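Enquirer: need a structure here:
(one chain, ligands or ions: 1)
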Amino acid sequence: MPEPSAHVVRPIDPDSADEIALVAARMKLTLIEVLGEREGGTLYTREWLEDRVRFHLDPERCQGRVFVAIAPGGEVSGHCIVRVEQDAAGREFGLFSTTYVAPEARRAGVAAALVARGEAWLREAGMREMETYTAESNTALIALFESRGYAVTLRVPDKRMVVLGRTLD
Ligand SMILES: CC(C)(COP(=O)(O)OP(=O)(O)OC[C@H]1O[C@@H](n2cnc3c(N)ncnc32)[C@H](O)[C@@H]1OP(=O)(O)O)[C@@H](O)C(=O)NCCC(=O)NCCS
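Expert: From the prediction side, this is the model:
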């Protein structure tokens, strides 16, 4: 298992079609892993997912960032996507839209490093309140965020989802 510090976290290269395509493909893998092949595998097209990555890189459409973790061998070991979001009342908060680490790189602190980087960027953007959401069965993701001081703030049983939140100091 590599040391966590061996993985470097940096913003995605916005000019790299390969990196954008890889993150989009892994967004699909996330959906399949969380929702199952039948639901997750058919929800969005490759084109839609790639545009979703580009959406987070386009300041005219979104105040967001896509961070990637790079393994010692140079391959992308994980990513997280964050953005400034508004709730119905207009309150702004920092949202972790998706966090994914390749199976062979898991339990080495890569996701923790990605989340720390996302939080630092959201803090710089003026956010203090952070949120993410996932399936209530996603124990790994829930444990990851709980280990960073998040707690479940909302359960949506009919969607089998939970919202996790944290206010930064
Ligand atoms: C959730 C996920 C991102 C975690 O990535 P990771 O790099 O393995 O996580 P880390 O090694 O940084 O874990 C940090 C801490 O989170 C918790 N954690 C992470 N994975 C866990 C698991 N499978 N079971 C229990 N706790 C877990 C632990 O507290 C861990 O610290 P420890 O290893 O010292 O015990 C990864 O499992 C993943 O990509 N899952 C599929 C995609 C997904 O579900 N994304 C979220 C969609 S909303």
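Enquirer: just for the protein, where's the confidence low?
Expert: The chain contains residues with pLDDT under 70 at 1-5.
Enquirer: up against the ligand, what does it have?
Expert: With CB under 6 Å from any ligand atom as the criterion, the chain meets the ligand at residues 30, 33-34, 98-101, 106-112, 134, 138-141, 143-144, 147. (Each C-beta comes from the backbone N, C-alpha and C, glycine too.)
Enquirer: how close does the residue lying closest to residue 29 once chain neighbours are set aside get to residue 20?
Expert: By the measure of CB to CB, 6 or more residues apart in numbering, the closest residue to residue 29 outside its immediate chain neighbours is residue 100, 6.9 Å from it. Noted for residue 100: a distance of 14 Å to residue 20, by CB to CB, to the nearest Å.
Enquirer: my read: the residue nearest to residue 29 touches residue 26, true?
Expert: Yes: in this structure residue 100 lies within contact range of residue 26 using CB atoms under 8 Å: 4.9 Å.
Enquirer: common neighbours of these two, please.
Expert: Common neighbours of residue 100 and residue 26 are listed as residue 79 (criterion: CB atoms under 8 Å, 6 or more residues apart in numbering).
Enquirer: and whichever strand or helix holds residue 93, which strands flank it?
Expert: Assigned by DSSP states H and E, residue 93 belongs to strand 92-101. Here strand 92-101 has these sheet partners by DSSP bridges: strand 76-86 (antiparallel), strand 129-135 (parallel).
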